[in-house]
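Student: Pasting a predicted model and its sequence here:
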Amino acid sequence: MSASGSASGLAALQDELDALNAQITKQGSAVRALKKASSSNADEIAVAVDELKKLKITAETLRQKKELLDPTKQFNRKVFDEMILRKMFIVPSFEIHGGVKGLFDLGPPACALKAAMVDAWRKHFVLTESMLEMECTCLTPEVVLKTSGHVDRFTDLMVKDPVSGECFRADKLLEDAIDELIEANPDMPVEEREEHMRIQIQADAFSPAELDEQLTKYGCKAPSGEPYGASFPFNLMFKTSIGPEGTSVGYLRPETAQGLFVNFRRLLDANSQKMPFAAAQIGLGFRNEIAPRSGLLRVREFCMAEIEHFVNPNDKSHPNFASVAGKELVLFGRDDQLGSGKTKTVTVGDAVSSGLVNNETLAYFMARTQLFMERIGMDPERLRFRQHLTTEMAHYACDCWDLEIQSSYGWVECVGHADRACYDLDVHGKATKTPMVATLKLDEAMEVEMAKLKFDRKALGKTFKADQRVVSGALEALAENWADFEPIATALETEGKTTVDGFEITKDMVTWKKTTKKVHEIKFTPSVIEPSFGMGRILYSLLEHSFYQRDADEQRCVMRFKPAVAPQKCAVLPISSGDEVNAVVDEIAAELMDSDLATRVDKSTASLGRRYSRADEVGVPFAVTVDFDTLTDGSVTLRERDSTIQIRLPKADVTRVVFDFVHNRLTWEEAVKKYPTVSVKED
């Protein structure tokens, strides 16, 4: 097939795949809605699930066909994984003891890469935006996570081996059993196969009793050979006790955000009561994943970098929005997911003005995230923002967009951008009876509508006793704004009762009168715009995006890290093992390290080409070679990793030139114009 014919064939397949993905998204949304609806029956759900499964199978077939037509898009994960392990970027934790699923150690190159990424993140967000950075404890009392909803929300169904006590995720056991059954019976009738697949795709929706019945039906046995025990809910948080008594329950935090929310009042004071403002935190989160998969993409301990931007819910503009309004982003809105299946490239300004993105602050952080990804070296062609469907969003959320990065595992969510409204501060404020409010000072006094209340203290005291002040306080807080109190008044008028903060109020307990008052300030509970970065997923994606093989040679792997984040900035290599040459190598290396430029010195007896390749494999962007000419004229060669072009320059210039490369003050193209290039064989 000609190049033009191949290109047109690929384009046609991509169009077909996009349309099919839109159908999958739409059908998936329909399935979620059916599962939530109490009126849905099992057969109706089964038909919808079966259709979704068929669509996914067709899409996978098309995707494989497209890859065959475009081999350049194929990723050699086998070679990549071997190199990552061999060069000790990432290794299994406790490997000599057999390892533990979902736990990994970062070796020297990845450790330095992560440190450079975190440093770039802090400069890009915390310093540039004047954010308030905190470092909160990883141990969290149960009451905090009960209030946030994590104690009740983070559960999956588990089963145990009755002999060994080993635990397994029940729905995954059922899915695997059905896979094995279908694989072992290739001649199985189509109708029977589809019935098994229908059950498989519903595995995570079964009740404990239904799941137990299916495990028995498919003959699922524990490793001991005995039937599994009954299914039971398992919370994905790591539970512990705080203190020697064992009476205070705590958890390792599943996210860093709660520490910032509970410190809101102190943060507001630290910011001199000025709004809006942002707080940030970089730290570890923990989730006791039952079946960790896909390497660093789903692990039990992970680094997060989260921002909580507190803003007036009635004014979500951003003072720096104009600086990013012209930035183009690849957006995958919910209408496109359910319709064409294609993304759109839109400027940030147009996305907000058209209503595609809910507000300026949310869009601002999306643009800043895109710029950060480009800054650390992510491939822009493999980045997109996907909007959450209505069926995916929490009831309190206004708008949510995930930055997804394409890797060999597909499109993976790496950064969440959520407008969480006032939910987090509201729930912590109500649970602790702490006012989580900010104040807007008005230039001129304004009249506001409110309700003037009169309580029947006898009726309140008889019903609520010690809680009567809590009840009257809650009503008085609502009465400050007629818009907040009006639903209460309407319910009392029409139904004679209503519920406020869990207390049932009856009409005889309170009377009210709508009135107005002049105010010089307005108190409000801030909304929260939250960008949440999974640094481990970003790190893994950057490794994939940076990896390539020179001339398709499996023995010549390269990591094209940007100088700013490369684990080591420069290699210094001697052409021979002579003392005079090595003395110059040590001198140059010392000068580089004095300027905080991590340096690799390789004095081994391997050929120069082999030593260049070793540096390429760990992403060293530049290599200085000290040769015999250095001893006579004081000049050295400087090699650029990706082009392999070398220039000759005075050794006195090396540190300044490399420093300027790392800090984006000089490009390689500019250096080539300034210094003469030399031809060196790398055999």
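Tutor: Okay, I see it.
Student: Mind giving me the packing neighbours of the longest strand along the chain?
Tutor: Ranked by residue count, the top strand of the chain under DSSP state E comes out as strand 438-455. Applying 3 or more Cβ pairs under 8 Å, 6 or more residues apart in numbering; DSSP states H and E, one finds that strand 438-455 contacts helix 468-479, helix 482-495, strand 510-524. C-betas here are computed from N, CA, C, even on glycine.
Student: quick one: buried residues of the last one?
Tutor: Right, strand 510-524. Residues of strand 510-524 classed as buried: 510, 512, 522, 524 (neighbour count, 16 or more other Cβ atoms under 10 Å).
Student: now F561, what's its secondary structure?
Tutor: coil (DSSP: H, G, I helix; E, B strand; the rest coil).
Student: From the structure, what's the count of residues near it?
Tutor: For F561, the neighbour count with other Cβ atoms under 10 Å is 25.
Student: cool, the one 3 residues further on as well?
Tutor: Using other Cβ under 10 Å, A564 is surrounded by 19 other residues.
Student: hey, where'd the helices end up in the stretch 251-400 of the chain?
Tutor: Shown for the stretch 251-400 of the chain, the helices assigned by DSSP state H, counting those that start in this stretch span residues 257-262, 264-270, 334-338, 348-353, 360-376.
Student: which one of those helices has the lowest average pLDDT?
Tutor: Here the lowest mean pLDDT among these goes to helix 334-338, at a mean of 87.
Student: can you pull out the strands in the stretch 151-300 of the chain?
Tutor: All strands of the stretch 151-300 of the chain, identified by DSSP state E, counting those that start in this stretch, fall at 155-160, 167-169, 232-235, 239-241, 249-252, 277-286.
Student: So which bits of the fifth one are buried?
Tutor: Yep, that's strand 249-252 we're talking about. Across strand 249-252, burial judged by 16+ other Cβ under 10 Å covers 250-252.
Student: what helices or strands is that strand leaning on?
Tutor: Where contact means 3+ Cβ pairs under 8 Å, 6+ apart, strand 249-252 is packed against strand 139-141, helix 142-148, strand 239-241.
Student: So which of the ones you listed is nearest A322?
Tutor: Judged by Cβ to Cβ, the one of the helices and strands packed on strand 249-252 that comes nearest to A322 is helix 142-148, at 35.1 Å.
Student: Restricting to C-alpha, output that closest one in PDB.
Tutor: The C-alpha trace of helix 142-148 is given here as PDB (Å, rounded to 0.1, in the frame of the first residue of the first chain):
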ATOM      1  CA  GLU A 142     -11.300   8.100  61.900                       C
ATOM      2  CA  VAL A 143     -13.700  11.000  62.600                       C
ATOM      3  CA  VAL A 144     -12.100  13.100  59.800                       C
ATOM      4  CA  LEU A 145     -12.400  10.500  57.200                       C
ATOM      5  CA  LYS A 146     -15.900   9.500  58.400                       C
ATOM      6  CA  THR A 147     -16.900  13.200  57.900                       C
ATOM      7  CA  SER A 148     -15.400  13.300  54.400                       C
END
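Student: Name the residues of that helix that are buried.
Tutor: Going by neighbour count (16+ other Cβ under 10 Å), the buried part of helix 142-148 is 142, 144-145, 147-148.
Student: Ok, stretch 656-664 next?
Tutor: Within stretch 656-664, the residues scored as buried using 16+ other Cβ under 10 Å are 657-659, 661-662.
Student: Pick out the most distant pair among those.
Tutor: Within these, two members stand farthest from each other by Cβ to Cβ: V657 and V662, at 9.9 Å.
Student: Quick one: distance of stretch 253-273 to the chain centre.
Tutor: Centroid displacement of stretch 253-273 relative to its chain, using Cα atoms, centre = their mean, to the nearest Å, is 20 Å.
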